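>>> sequence below, structure please.
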Amino acid sequence: MNTFAWFQPTEIRFGAGRVTEAGEAAARFGRRCVLVTSSSASPRAALYERVKTHLVHAGISVAHFDGVAPNPTTDVVTRGAEVARSHRADVVVGLGGGSAMDTAKAIAVEASHPGTAWDYLFYRTPQPDERTLPVVAIPTTSGSASHVTQVAVVTNPATRDKSALYNAILYPRVGIVDPELMTTVPPPVTAATGFDIFAHSFESYLHPHRSAYTELLALEAIRLVLRRLPEAIADGKNVVVRSALAWADTLAGLCIANAGVTLPHGVAMAIGGLYPHVAHGEALAAVYPAIMRFTWQDARSQFAVLGRHLEPALADASEAEAAAGAAAALDRFLARIRLALTLDQLAVPINELPLLARRSLVLPDYSNHPRLASEAEILKLLQESHRSFAAVAPND
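So this is what the prediction gives:
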């Protein structure tokens, strides 16, 4: 067993109905709060009002910033930070999917530091410090795991670049995981966010910084996703199923917070920066088949475990056979959850694939992959991912 460290400062409050604790949780950090959500004109408006009520009943003065959009931009963060500063906020509550929670974290930095959140990306100096406002995160989807990580992903539209703040100061102080909030998520979003849980789990399982702890949690998250995600797509109102996915999302977040992600996430982040209309889970689904085939021989034991999870017929197969069969088994799973996508279907221009390949090397995720990919190899993977889904299969 390798030596390892484990750090998780977020207080996790998990269970149906626990959103009612939002006010009490936020009040621990002050009496002035900025609530960060998507538009109040969305179907979630009633939920936003409920949470505001919980906050007010706890004696908190609330300013509501409802400007979050998918793939949140630096402009969005700046507008939210202006609201937080003008309200003299003591705490930021992020309510929504990964975009809302990441925006809340970035606002917590920009509202309390000089410059903008973009000035504090993971590779820059100085880094955010103790002035950062505390964050309470309340997810309404299962996929981003932002409620238990030290990451805030932001897009700079001027440079078409998607990058991240990454600092322990960004861990939410409290994560309230209420599976009842996920029961209205539509099937396509459930599929895309659910596949992100799988990707977080499997990539942390492949990661060189994995440990016995992350392997344990990652495999449980993978098991839950493979079993429960198709059920959630078929019956999204089933709280038992939603609870299983919410727990898998939390486990996967604990894994990436302590290990990390690999090549698929680096590529998907680059896709999101260049093409903000593409959902993160969709980007992952489009590139995973080709990357699986590129990788399996360099991580046979992990791929064999995955193959046996995906395909019962591989239970008694040799390690080599189970590993080799994992990619095709994942293809079938993607088809089952209606996420068998290609880059051309996602309107990624074929003439920009060389640019996308270069951008895929900006974040360090690729360097943690079991098989280190060159820019030329990433371009080839993108070209394969741009073809029809079925065309990749003969390369097994």
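>>> can you give me the strands in the stretch 51-200 of the chain?
61-68, 91-96, 135-139, 151-156, 161-166, 174-177 (DSSP state E, counting those that start in this stretch).
>>> turn those into TSV, columns for mean pLDDT and distance to residue 117.
For the C-beta atoms, the positions are set from N, CA and C on the backbone; glycine is no exception. Formatted as TSV, the strands of the stretch 51-200 of the chain follow (pLDDT from 0 to 100; distance: least, Cβ to Cβ, whole Å):
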stretch	mean pLDDT	distance to residue 117
strand 61-68	98	14
strand 91-96	98	12
strand 135-139	98	13
strand 151-156	97	6
strand 161-166	96	6
strand 174-177	98	20
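>>> ok, which of those comes nearest residue 236?
strand 135-139 (15.2 Å; Cβ to Cβ).
>>> hmm, residue 148 and residue 172 touching each other?
Yes: between residue 172 and residue 148 there is a contact under Cβ atoms under 8 Å: 7.3 Å.
>>> any idea which residue sits dead centre in the protein?
What sits nearest the mean C-alpha location of the chain, by Cα atoms, centre = their mean, is residue 144, with 2.7 Å.
>>> could I get the contacting residues of that one?
By Cβ atoms under 8 Å, 6 or more residues apart in numbering, the residues touching residue 144 are 97-99, 101-102, 193, 196, 249, 253, 280.
>>> neighbour-wise, which of those residues leads?
Neighbour tally across the contacts of residue 144 (other Cβ atoms under 10 Å): the maximum, 34 neighbours, falls on residue 101.
>>> quick one, grab the pLDDT at that residue.
Per-residue pLDDT puts residue 101 at 98.
>>> would you mind measuring from it to residue 107?
Shown here: residue 101 relative to residue 107, a distance of 11 Å by Cβ to Cβ, to the nearest Å.
>>> re earlier: CSV for the strands of the stretch 51-200 of the chain, including distance to residue 291?
As requested, the strands of the stretch 51-200 of the chain are exported to CSV (distance: least, Cβ to Cβ, whole Å):
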stretch, distance to residue 291
strand 61-68, 30
strand 91-96, 29
strand 135-139, 27
strand 151-156, 20
strand 161-166, 18
strand 174-177, 30
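>>> closest one to residue 323 among those?
strand 151-156 (29.8 Å).
>>> can you give the contact residues for the closest one?
Here strand 151-156 has contacts from 71-74, 77, 98, 102-103, 105-106, 109, 117-118, 146, 161-166, 170, 256-257, 269, 272-273, 276, using Cβ under 8 Å, 6+ apart.
>>> neighbours of the spatially closest residue to residue 8 that is not a sequence neighbour, just the number please.
Nearest non-adjacent residue to residue 8, counting by Cβ to Cβ, 6 or more residues apart in numbering: residue 254, 6.0 Å away. The local packing of residue 254 (other Cβ under 10 Å) involves 25 other residues.
>>> quick one: contacts for residue 254?
Counting by Cβ under 8 Å, 6+ apart, residue 254 has contacts 8, 145, 148, 214, 217.
>>> so which of the residues you listed wins on neighbours?
residue 145 (29 neighbours).
>>> my guess is that residue meets residue 249, correct?
Yes: counting by Cβ under 8 Å, residue 145 touches residue 249, with 5.3 Å between them.
>>> which neighbours do these two share?
residue 197.
>>> for residue 244, what are its contacts?
224, 227-228.
>>> nearest to residue 357, out of the residues you listed: which one, please.
Residue 357 has its nearest neighbour among the contacts of residue 244 in residue 224, at 33.4 Å by Cβ to Cβ.
>>> distance of the closest one from residue 288?
18 Å.
>>> please apply the same query to residue 368.
16 Å.
>>> compare these two (neighbour count), which wins?
Neighbours were counted for residue 368 and for residue 288 using other Cβ under 10 Å; residue 288 has more, 24 against 21.
>>> in terms of helices and strands, where is that one?
Using DSSP states H and E, residue 288 falls within helix 280-295.
>>> which SSE is immediately downstream of that helix?
Past helix 280-295, the next helix or strand by DSSP H and E is helix 300-310.
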